[in-house]
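Visitor: dropping the sequence and predicted coords here.
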Amino acid sequence: MAAGSRPVEIPAPGASPLPLPPSFCAFLQENHIDAAVYSNSCQLPRYVRILRYRRQSQTEIDALVRKIHADAGCRVSEVVGVPGFIEIANQSVRLSQLGAYINGDIAGMDVSSGIAAQALSVEPGHHVLDLCCAPGAKLLLLAELLSTTPASESTGSALVGTVTGVDIAQHRAATCRSLIKKHAGNNKGFMRIFVDDGTVFDSRAPQQGWQDPQLVREAMASASSLDGSSDRSARKSRRHRSAQPGQPWFAPKLLSTAYACSGTQLYDRVLVDAECTHDGSLVHLQKYARWGWDHLDTQVVGDDRSISVPILQSQLLENGWRLLKPGGVLVYSTCSLSRYQNEFVLGGFLARHAENEAIVEPIPAFSDSGVQSEDMSTSNIRRCGGILASPIWMPNCDDEWNRSGLDQHRAVFARMSHAARLDPMVSNTSGMFIARIKKLRQGAQPARPEAVPLALPQSIAHCGQASK
Ligand SMILES: C[S@@+](CC[C@H](N)C(=O)[O-])C[C@H]1O[C@@H](n2cnc3c(N)ncnc32)[C@H](O)[C@@H]1O
């Protein structure tokens with residue numbers, strides 16, 4: 001049913017449904033988002049992530065589940081197919097009433113975000129870039145995956161990977177910094193944050209050997225003897241490091257040295273969890289209901305966001321790709337269900353990067369279940385343990401391809417069939433779009449995209465010219 005054809009309400013946990021404002025209903029209609037996706041929102045479970053999951057035995061995890069069950073007083077179980085996540089059946093359970101949360105054993109995180117971060121398949125020694133990192137839920141998970149991948153335990157410290165987060169908003173980066181200080185434990189030692197524009201961010205992965213103080217001292221001494229700078233001026237410049245271009249805004253000492261920052265290598269993994277309109281995320285919508293719908297008007301549907309957000313997303317995706325090593329993997333994700341922020345952005349990207357350069361791969365969690373097929377029909381639901389994912393959106397008949405002006409892009413849509421949509425109705429999670437893209441080789445760098453090159457419908461295109 002179209003969004004505009006009946007009053008749209010958003011279920012609020014433990015309360016009466018909240019009517020959505022007309023501007024949001026118009027947004028849903030313009031973006032072809034069926035309001036029915038929100039209809040089971042009251043029944044969605046609450047998901048939490050087990051901190052230090054891989055360091056715990058199954059007996060310890062079973063005990064943790066029992067403890068949460070005792071505090072929550074409802075059904076609690078591990079999420080099948082998504083390691084490290086727990087499902088609490090009653091979403092109105094507050095984290096602050098759970099001993100496991102107070103003790104720092106769990107953190108709130110929707111399982112759809114966990115699937116997006118795990119889709120990167122982080123391995124020991126990887127340098128991981130998260131181009132839109134705040135408030136930092138996925139960044140922390142990535143650090144944990146890096147520090148506890150089985151091989152890293154067997155190879156000791158020889159392979160030292162890093163996690164680099166970037167966010168344009170300093171206040172949000174500050175939240176991220178607080179989360180790192182609170183939850184990252186020893187992982188803090190290899191995490192850094194930049195406050196920067198991800199569409200032009202250009203700092204490379206830290207220089208090899210950054211973690212070896214002796215090597216760093218020697219390299220800095222030889223560099224300063226070469227350029228004639230004294231120890232004193234080097235110390236002074238370290239004190240003022242936030243003013244130095246290329247220096248992280250927050251990092252441990254060893255990742256802040258001029259040596260570490262002079263790396264030239266590209267990243268092994270890049271997450272572009274792009275700025276979006278958050279329309280798929282029930283948690284966000286419930287927040288707007290509390291803050292007042294005015295915020296929703298400015299942050300979701302306001303002015304030309306329907307056109308400016310997909311362009312921003314295209315630019316973030318393009319820059320993330322530029323910073324990715326050949327052979328590396330990039331995950332593009334949003335918590336919007338709008339096709340213009342998902343398939344159209346991904347399609348524009350694939351149109352710029354040929355098949356021998358970029359392939360959209362199956363998301364490991366979903367392919368493991370063995371039920372994914374090459375069939376691209378809209379009824380092709382995929383399973384990851386207990387989580388179901390819908391296939392990508394695409395026109396479903398010749399007439400619709402023609403009418404939507406997308407006929408010339410059929411080949412591009414065929415290339416993105418492995419991407420997944422988690423819509424709240426089908427997946428029982430918060431809404432999320434996830435595409436895992438492998439870089440086969442370094443292609444020519446296209447110009448910074450100033451438009452999404454798949455045909456945008458009139459209703460959206462009329463919003464104005466591409467904003468910068
Ligand atoms: C969907 S949120 C990211 C959520 C985060 N990955 C997590 O898991 O907690 C999008 C973030 O993108 C940031 N952002 C918006 N425009 C940006 C830009 N041009 N460069 C970098 N970050 C940007 C926003 O400040 C926001 O924090």
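Guide: That came through, no problem. Remember, predicted model here, so these are calculated numbers, not experimental data.

Visitor: count of residues packed around residue 59?
Guide: Each residue near residue 59 was counted by other C-beta atoms under 10 Å, and the total is 8. For every residue, glycine as well, the C-beta is placed using N, CA and C.

Visitor: next: residue 295.
Guide: 14.

Visitor: with the one 3 residues further on instead?
Guide: Neighbouring residues of residue 298 were enumerated by other C-beta under 10 Å; the total is 10.

Visitor: do residue 43 as well
Guide: 12.

Visitor: residue 180 against residue 144, yeah?
Guide: No: with contacts counted by C-beta atoms under 8 Å, residue 180 stays clear of residue 144, the gap being 11.5 Å.

Visitor: and the two? which has more neighbours close in?
Guide: Counting neighbours by other C-beta under 10 Å for residue 180 and for residue 144 shows that residue 144 has the greater number, 25 against 22.

Visitor: for the stretch 1-150 of the chain, give me the ranges with low pLDDT.
Guide: In the predicted model, the stretch 1-150 of the chain carries pLDDT under 70 at residues 1-18, 149-150.

Visitor: what are the ranges of the strands in it?
Guide: 9-10, 18-19, 46-50, 76-78, 85-88, 106-108, 127-130 (DSSP state E, counting those that start in this stretch).

Visitor: mean neighbour count, the ones you listed: which tops it?
Guide: With neighbours taken as mean count of other C-beta atoms under 10 Å, the strands of the stretch 1-150 of the chain reach their highest mean count in strand 127-130, at a mean of 28.

Visitor: go ahead and flag the most central residue of the chain.
Guide: The centroid of the chain falls nearest to residue 273 when counting by C-alpha atoms, centre = their mean (2.9 Å).

Visitor: phi, psi for it please.
Guide: The phi/psi pair for residue 273 (degrees, to the nearest 10) reads phi -90, psi 80.

Visitor: wait, it touches residue 137, no?
Guide: No: when contacts are counted by C-beta under 8 Å, residue 273 is not listed as touching residue 137 (9.2 Å).

Visitor: what is in contact with these two at once?
Guide: Both residue 273 and residue 137 are contacted by residue 113, under the criterion C-beta atoms under 8 Å, 6 or more residues apart in numbering.

Visitor: returning to that earlier point: shared neighbours, residue 180 and residue 144?
Guide: Residues touching both residue 180 and residue 144 by C-beta under 8 Å, 6+ apart: residue 187.

Visitor: the ligand contacts on the protein?
Guide: Counting by C-beta under 6 Å from any ligand atom, the chain comes close to the ligand at 113, 132-138, 166-169, 172, 197-199, 273, 275-276.

Visitor: now, of the residues you listed, which are buried?
Guide: Buried by 16 or more other C-beta atoms under 10 Å: 113, 132-138, 166-168, 172, 198-199, 273, 275-276, out of the residues of the chain next to the ligand.

Visitor: of these, which belong to helices?
Guide: By the criterion of DSSP state H, membership of those in helices covers 113, 137-138, 172.

Visitor: which residues in the stretch 51-200 of the chain form helices?
Guide: Using DSSP state H, counting those that start in this stretch, the helices found in the stretch 51-200 of the chain span residues 58-72, 99-102, 111-118, 137-148, 150-155, 170-183.

Visitor: tell me the most buried of those helices?
Guide: A comparison of the helices of the stretch 51-200 of the chain by mean neighbour count, using mean count of other C-beta under 10 Å, puts helix 111-118 on top with a mean of 26.

Visitor: residues in contact with that one?
Guide: Helix 111-118 is contacted by residues 47, 49, 79, 82-85, 87, 137-138, 141-142, 145, 271, 273, 331, 333, 335, 363-365, 384, 387, 422, 427, 429-432, 434 when judged by C-beta under 8 Å, 6+ apart.

Visitor: output the contacting helices and strands for the longest helix seen in the chain.
Guide: Using DSSP H to define each element, the chain has its longest helix at helix 305-322. Helices and strands touching helix 305-322, by 3 or more C-beta pairs under 8 Å, 6 or more residues apart in numbering; DSSP states H and E, are strand 267-273, strand 324-334, helix 343-352, helix 458-461.

Visitor: how about these in CSV, adding distance to residue 190 and mean pLDDT?
Guide: Formatted as CSV, the helices and strands packed on helix 305-322 follow (distance: least, C-beta to C-beta, whole Å; pLDDT from 0 to 100):
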stretch, distance to residue 190, mean pLDDT
strand 267-273, 13, 98
strand 324-334, 18, 98
helix 343-352, 29, 94
helix 458-461, 42, 55
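
Visitor: of the ones you listed, which is nearest residue 218?
Guide: Minimum separation from residue 218 across the helices and strands packed on helix 305-322 (C-beta to C-beta) falls at strand 267-273, 25.9 Å.

Visitor: in its sheet, what does the closest one sit against?
Guide: Here strand 267-273 is paired, per DSSP bridges, with strand 127-130 (parallel), strand 324-334 (parallel).

Visitor: burial check on the residue lying closest to residue 143 once chain neighbours are set aside, number of neighbours?
Guide: On the basis of C-beta to C-beta, 6 or more residues apart in numbering, the spatially nearest residue to residue 143 that is not a chain neighbour turns out to be residue 187, at 4.1 Å. Close neighbours of residue 187, defined as other C-beta under 10 Å, add up to 19.

Visitor: before we move on, what about residue 217?
Guide: If you count neighbours by other C-beta under 10 Å, residue 217 ends up with 12.

Visitor: sec struct for it, please.
Guide: When classified by DSSP: H, G, I helix; E, B strand; the rest coil, residue 217 comes out as helix.

Visitor: how far away is it from residue 257?
Guide: To residue 257, residue 217 is 9 Å away according to C-beta to C-beta, to the nearest Å.

Visitor: same question for residue 106.
Guide: Residue 106 is 35 Å from residue 257, where distance means C-beta to C-beta.

Visitor: and for residue 385?
Guide: Distance, residue 385 to residue 257, by C-beta to C-beta: 43 Å.

Visitor: looking at these two, which is more packed in?
Guide: Legend: neighbour count by other C-beta under 10 Å for residue 385 and residue 257, higher for residue 257 (22 against 17).

Visitor: does residue 357 touch residue 439 like I think?
Guide: Yes: contact criterion C-beta under 8 Å: residue 357 and residue 439 qualify, at 7.0 Å.

Visitor: tell me the contacts of residue 252?
Guide: Residue 252 makes contacts with 188-192, as judged by C-beta under 8 Å, 6+ apart.

Visitor: neighbour-wise, which one of those leads?
Guide: Ranked by neighbour count (other C-beta under 10 Å), the contacts of residue 252 have residue 191 at the top, with 29 neighbours.

Visitor: okay, and the beta partners of that residue?
Guide: Beta-bridge pairing for residue 191 (DSSP bridges): residue 163.

Visitor: that one is in contact with residue 163, isn't it?
Guide: Yes: counting by C-beta under 8 Å, residue 163 is a contact partner of residue 191 at 4.8 Å.

Visitor: okay, and the common contacts of the two?
Guide: When contacts are counted by C-beta under 8 Å, 6+ apart, the set common to residue 191 and residue 163 consists of 139, 143.

Visitor: separation between the residue nearest to residue 122 when sequence neighbours are not counted and the ligand?
Guide: Nearest non-adjacent residue to residue 122, counting by C-beta to C-beta, 6+ apart: residue 145, 4.4 Å away. As for residue 145, its distance to the ligand is 14 Å (criterion: C-beta to the nearest ligand atom, to the nearest Å).
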